[in-house]
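Trainee: the following comprises the amino acid sequence and a computationally predicted model.
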Amino acid sequence: DQQVKQNSPSLSVQEGRISILNCDYTNSMFDYFLWYKKYPAEGPTFLISISSIKDKNEDGRFTVFLNKSAKHLSLHIVPSQPGDSAVYFCAASSKYNAGNMLTFGGGTRLMVKP
Amino acid sequence: DAEITQSPRHKITETGRQVTLACHQTWNHNNMFWYRQDLGHGLRLIHYSYGVQDTNKGEVSDGYSVSRSNTEDLPLTLESAASSQTSVYFCASSSNQAGRTDTQYFGPGTRLTVL
């Protein structure tokens, strides 16, 4: 049973518009969440994170929102750019898991059209 | 600059062969991880290590082994390769600061094909 789910395998948006990528989790012990971005033939790179004590974290064009009651987080990219086209992975961690173990979702492929 | 490298980047092997994938990091991180990426499954943890001589099984460890003889390297061995192990493999590392979850830094990946 997947503890972290990204229900949309792909998303297509127009350049300049907002991209919203969603992630749901089932384990209530998760208290730290991360988004990674992956280009083809490269390893995932860290994008943004949020602790469960917050409900929003912003870094430039990227904002992550956390709704603990719904066990849901989302990544907003505004405005979207063609260079944002990549696969985005949501990941979660618990302070009760020693050593920074992450549980990943299945990924969402974002395509930003010029 | 510190980095994490993987070799080879591509490997084709036959069923039943032993295969070793290398991972080397110069971050001086204590924690190292091996994942496999398959369509629809995201990244699944194979093995991980918290330091020299420490190894632990992850979610999908059957058919794989690792060893940690120094801080920099965590080689992944497929004892007898199977077609189900055709995948893209990623190595990652992170520091081990108590009380926080640190970012994992990933290598570029190894694409393994088992025929």
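Mentor: On my side now, so go ahead.

Trainee: and the residue positioned nearest the centre of chain B, what pLDDT?
Mentor: Nearest to the centroid of the C-alpha atoms of chain B, with distances taken as CA atoms, centre = their mean, sits B:W34, at 2.6 Å. For B:W34, the pLDDT comes out at 97.

Trainee: who touches it in this structure?
Mentor: Going by CB atoms under 8 Å, 6 or more residues apart in numbering or on different chains, B:W34 touches B:23, B:45-48, B:58, B:64, B:66, B:74, B:76, B:89-92. Yep, even glycine has a C-beta here, placed from its N, CA and C like the rest.

Trainee: name the nearest residue to it, sequence neighbours excluded.
Mentor: Once flanking residues are discounted, B:W34 sits nearest to B:I46: 4.3 Å by CB to CB, 6 or more residues apart in numbering or on different chains.

Trainee: does A:K71 touch A:T26 like I think?
Mentor: Yes. Contact criterion CB atoms under 8 Å: A:K71 and A:T26 qualify, at 6.5 Å.

Trainee: excluding chain neighbours, what is closest to the closest residue to chain B within chain A?
Mentor: Residue of chain A nearest chain B, by CB to the nearest CB: A:G43 (3.4 Å). Ranked by CB to CB, 6+ apart and with sequence neighbours excluded, the top spatial neighbour of A:G43 is B:F106, at 3.4 Å.

Trainee: for A:D59, same thing?
Mentor: A:I48 (5.1 Å).

Trainee: which element is that neighbour on?
Mentor: Secondary structure from DSSP states H and E places A:I48 in strand A:45-51.

Trainee: off-centre distance for the next helix or strand after that strand?
Mentor: Downstream of strand A:45-51, the next assigned helix or strand under DSSP H and E is strand A:56-59. Offset of strand A:56-59 from its chain centre (CA atoms, centre = their mean, to the nearest Å): 12 Å.

Trainee: please apply the same query to stretch B:15-33.
Mentor: 5 Å.

Trainee: list the buried ones in it?
Mentor: Buried residues in stretch B:15-33, counted by 16 or more other CB atoms under 10 Å in any protein chain shown: B:V19, B:L21, B:C23, B:H24, B:Q25, B:W27, B:H29, B:N30, B:N31, B:M32, B:F33.
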